[in-house]
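Chemist: Have a look at this prediction, sequence included:
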Amino acid sequence: MISLFLIILSLNVIGVEYSGFGDAGTTPDSPLHYFDTLYEDYQLAFADTPEEEAELTLQHLEERYAEIGVMLEQQNYEGVYEASLYSQEQTQELQEVLTSVEGTTENLDFIYSIETQM
């Protein structure tokens, strides 16, 4: 519950433009949202490299942020909560992928590029 409050606070007070995260796609209030996230899991399962997995996870994370923004505009706080749970899971997945990448110079450059996009 505290994390939900922090997300709402950061989107409203800090002035992060959630519309800048791109298309929200299918939002949590849609019955099709389950299939949207299922497809994202499928994409991640067949990622060829950790870099590709990290890029996909980052794209999915940006979509969750856009979903949070749409749900806030609609004052659908249950949808905000659901999208924030997904975003927490995807943030953790992204951290796990980044820590699994070996510390070569090429991979460190990749990790830096991902972290600067977050």
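Modeler: In hand now; what should we look at?
Chemist: What strand or helix carries the residue nearest to V70 when sequence neighbours are not counted?
Modeler: With C-beta to C-beta, 6 or more residues apart in numbering as the criterion, V70 has its nearest non-adjacent residue at 4.5 Å, and that residue is A24. Where C-beta positions appear, they are placed from N, C-alpha and C, glycine not excepted. For A24, there is no host helix or strand (DSSP states H and E).
Chemist: Touching, A24 and G69? I think so.
Modeler: Yes: if you go by C-beta atoms under 8 Å, A24 and G69 touch, sitting 6.9 Å apart.
Chemist: got a pLDDT number for the residue nearest to V70?
Modeler: pLDDT, A24: 74.
Chemist: Could you check how many residues crowd around it?
Modeler: 21 (other C-beta atoms under 10 Å).
Chemist: Next: T26.
Modeler: T26: 17 neighbours (other C-beta under 10 Å).
Chemist: Distance of it relative to R64?
Modeler: Applying C-beta to C-beta, to the nearest Å, the value for T26 to R64 is 12 Å.
Chemist: now swap in E53 and tell me
Modeler: Applying C-beta to C-beta to E53 and R64 gives a distance of 16 Å.
Chemist: These two: which is more packed in?
Modeler: R64 (25 against 22).
Chemist: Ramachandran angles for the more buried one?
Modeler: Per-residue torsions, R64: phi -60, psi -40 (degrees, to the nearest 10).
Chemist: looking at it, it is touching L85, isn't it?
Modeler: No: between R64 and L85 there is no contact under C-beta under 8 Å: 9.1 Å.
Chemist: Flag the shaky bits of the protein, pLDDT-wise.
Modeler: The chain contains residues with pLDDT under 70 at 1-22, 102-118.
Chemist: try 90 this time
Modeler: Applying pLDDT under 90 to the chain flags the ranges 1-38, 44, 47-74, 76, 79-80, 83-84, 86-118.
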